[in-house]
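Undergrad: Any chance you could fold what I've pasted below:
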Amino acid sequence: MFGNNCFKKNCCPVISTDCCPTDPVYEQPIENCVQKDYIHEVVHIIPIHTNVVNNHIYKHTYMPEYTCSEESITTNINDGCPGFNNFMNN
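TA: So this is what the prediction gives:
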């Protein structure tokens, strides 16, 4: 449409923005760097063992419990018979 007719008519002045269309100029591509973060949840199983040590502490206290006993003895004194005392003491 514009290509050949424009150049034949010399429609492009020396200084003007109204110029005949030309083929596009391809520039070097601009590279965009996009960082994408992916979060992966990794489950770690950590076995935990609890050992309970039951310490039974016995504190010994002493409380006296008093008892009483009574004993009766008999002593014989025989003043009337001298031989009888000698017999009992041997």
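
Undergrad: Out of the helices and strands in this protein, which is least certain?
TA: Least confident element among the helices and strands of the chain, by mean pLDDT, DSSP states H and E: helix 3-9 (a mean of 49).

Undergrad: What ranges in the chain fall below the confidence cut-off?
TA: For the chain, applying pLDDT under 70 flags the ranges 1-19, 81-90.

Undergrad: same thing but at 50, please
TA: Applying pLDDT under 50 to the chain flags residues 1-8.

Undergrad: all helices of this structure, in order?
TA: Ranges of helices in the chain, per DSSP state H, are 3-9, 82-89.

Undergrad: Can you tell me the number of residues neighbouring Thr75?
TA: Counted with other C-beta atoms under 10 Å, residues neighbouring Thr75 total 4. From N, CA and C alone the C-beta is placed, and that goes for glycine too.

Undergrad: ok, now how distant is Thr75 from Ser69?
TA: The gap separating Thr75 from Ser69 is 20 Å, by C-beta to C-beta, to the nearest Å.

Undergrad: residues of stretch 26-37 that come out buried?
TA: Going by neighbour count (16 or more other C-beta atoms under 10 Å), nothing in stretch 26-37 comes out as buried.

Undergrad: can you start the count at 44 instead of 1 from here on
TA: Happy to do that; since the first residue is 44 now, the last one works out to stretch 69-80.

Undergrad: Ends of it, what's the gap?
TA: 33 Å (C-alpha to C-alpha, to the nearest Å).

Undergrad: and His103, how many neighbours?
TA: His103: 4 surrounding residues under other C-beta under 10 Å.

Undergrad: Cys63 now?
TA: 13.

Undergrad: Likewise for the one 4 residues further on?
TA: If you count neighbours by other C-beta under 10 Å, Pro67 ends up with 6.

Undergrad: Please list all residues in contact with it.
TA: Applying C-beta atoms under 8 Å, 6 or more residues apart in numbering to Pro67 gives no contacts.
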